[in-house]
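Enquirer: Here's a sequence, model it:
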Amino acid sequence: MELKPGYKQTEVGVIPEDWECIKVSQLIDDNIIEKPIDGNHGNIHPKSGDFVDFGIPFVMANNVKNGKVDIFNCTYIRQCQADNLQKGFSFPGDVLLTHKATIGNTAIVGAIPFPYLMLTPQVTYYRIIDKKKLKNTYLFHYFGSKPFQEIMCILAGGGTRSYIGITSQHQLPIVIPDNIEEQSAIATVLSDADGLIGSLEQLIAKKRHLKQAAMQQLLTGKKRLPGFETKSGYKKTEMGEIPVDWIVKDIASMCDRITTGKLDANAMVANGPYRFYTCAKQYTYIDKYAFDAEALLVSGNGANVGYVHYYCGKFNAYQRTYVLYDFSDSIKYIQHYLREKLSERIRVEVNAGNTPYITRGTIAQMLIASPSSTAEQTAIAEILSDMDSELSVLETKLAKARQLKQGLMQELLTGRIRLV
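Expert: Prediction:
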């Protein structure tokens, strides 16, 4: 394919003619970066017996995530021990890259309340010398780019023991705009995208905590909605303390039909007109239906055992998916209750020696504390459903923000879009 004027072909793809594709070894030789360094190997490597409750953070690959160093979940070693190690001292401004088992996670070391971080042999630091030639924020974003990650994975060999040592890292190619202002502009745009993603993630986490708190209050009667309380006070039951005007029932007494589907999991039909529920979180489609109801569908086995779907309409189901319908109580209240409590019931049964699957009795005999009034059940469910809807909107925004970031990286870090 003919190259667009002003562009050239390199080992990582097409880039602008005034950009360079430079190996790490050349950046070292040109005194643009120091030699990359990882943590201490061999006998001087800190052992589990050296870990203390507080000291110098000992940064492992799983502490490098989402562009940051998670120092709060690090293990720690005594500073007197760390001071006497040979290498692996990382300071603010360093760009970190994981290179063992967990390959390609990257972060910039920010302000830290420690004299330094100590790296394990799983993590390498890249420290820039000539800040007029290379910005650490640009390097950080380039490390996260698809071309760089693909090359790194190839050199690392793949598999559970993936590893790319310091010598091999010297062969990694880095695409660098010659203009430091262009590097800065690219890094700013991508950092702004990261900021949007981060703010949405924080908001979603906050909303999830609020919903969790609301469920704990509303599904136990600790918090009553106005206008529904007929008697004040609480009573002790097998479900704990509940309002005196609430009752405890099993699901079988709240739902007339508890059955399963009849089909194999591979019975799906592409572009079929009806939903087909297996034990996955996502439904597929099929060309025939067996149910026409407002129902809850519960995954009966596998990785998503206990996952609860709600659907109203015509559908079909896998033979290990439980279908609950014809409810005498609020189906949405029961849906929220199952989502909150069923996983704990399954966990207890698994810990008792059972394999992780649901029997009909697991569901039918499960006790639920609920308002005597269906109207109060419905009011509680509506509040929780509104919170779910708000979370769904935010999660859609987050997915779009992540897609936008990936698109920007593909365009900006290849020079398809120029900012300067």
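
Enquirer: And the strands in the stretch 301-420 of the chain?
Expert: Secondary structure of the stretch 301-420 of the chain, counting by DSSP state E, counting those that start in this stretch: strands at 308-317, 321-327, 367-371.

Enquirer: between the ones you listed, which one is nearest to G233?
Expert: strand 367-371 (14.7 Å; CB to CB). Every C-beta, even on glycine, is put in place using the N, C-alpha and C of the backbone.

Enquirer: low pLDDT regions in the stretch 301-420 of the chain?
Expert: 350-355 (pLDDT under 70).

Enquirer: could you pull out the helices for the stretch 101-250 of the chain?
Expert: For the stretch 101-250 of the chain, the helices defined by DSSP state H, counting those that start in this stretch occupy 136-143, 146-156, 166-169, 180-218.

Enquirer: buried ones in the longest one?
Expert: Right, helix 180-218. 180, 182-187, 189-191, 193-194, 196-197, 200, 204, 207, 211, 214-215, 218 (16 or more other CB atoms under 10 Å).

Enquirer: Also the second one?
Expert: For helix 146-156, the buried set under the neighbour-count rule, 16+ other CB under 10 Å, comprises 147-148, 151-152, 155-156.

Enquirer: Tabulate these (a markdown table), appending pLDDT and distance to L139.
Expert: Below are these laid out as a markdown table (pLDDT from 0 to 100; distance: CB to CB, whole Å):
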| residue | pLDDT | distance to L139 |
| --- | --- | --- |
| P147 | 92 | 14 |
| F148 | 94 | 10 |
| I151 | 92 | 15 |
| M152 | 90 | 14 |
| L155 | 87 | 18 |
| A156 | 85 | 19 |
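
Enquirer: tell me the domain boundaries of this protein?
Expert: 7-178, 179-223+377-420, 229-372 (automatic domain parsing).

Enquirer: roughly how far out does stretch 183-193 sit from the chain middle?
Expert: The chain centre lies 23 Å from the centre of stretch 183-193; the measure is CA atoms, centre = their mean, to the nearest Å.

Enquirer: One more: stretch 6-14?
Expert: Computed by CA atoms, centre = their mean, the chain-centroid distance of stretch 6-14 equals 34 Å.

Enquirer: start to end distance for it?
Expert: 10 Å (CA to CA, to the nearest Å).

Enquirer: Need the contact partners of it.
Expert: 3-4, 15-17, 21, 147-148, 151, 173, 175, 414-415 (CB atoms under 8 Å, 6 or more residues apart in numbering).

Enquirer: do that again at 6 Å, thanks
Expert: 16-17, 21, 147, 173, 175 (CB atoms under 6 Å, 6 or more residues apart in numbering).

Enquirer: now swap in stretch 258-272 and tell me
Expert: 276, 278, 284-287, 317-319, 321-324, 364.

Enquirer: coming back round to it: JSON lines for the buried residues of helix 146-156, including distance to K236?
Expert: JSON lines is the format used below for the buried residues of helix 146-156 (distance: CB to CB, whole Å):
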{"residue": "P147", "distance to K236": "64"}
{"residue": "F148", "distance to K236": "61"}
{"residue": "I151", "distance to K236": "64"}
{"residue": "M152", "distance to K236": "60"}
{"residue": "L155", "distance to K236": "64"}
{"residue": "A156", "distance to K236": "59"}
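
Enquirer: most surrounded residue in the contacts of stretch 258-272?
Expert: A317 (29 neighbours; other CB atoms under 10 Å).

Enquirer: That one and V323 touch, don't they?
Expert: Yes. The pair A317 / V323 is scored as a contact, 5.4 Å apart, by CB atoms under 6 Å.

Enquirer: Enumerate the positions of the worst-scoring helix or strand of the chain on mean pLDDT that are buried.
Expert: Taking mean pLDDT, DSSP states H and E as the measure, the chain has helix 331-351 as its least confident helix or strand, at a mean of 88. The neighbour-count check on helix 331-351 (16+ other CB under 10 Å) flags 331-342, 345-346, 349 as buried.
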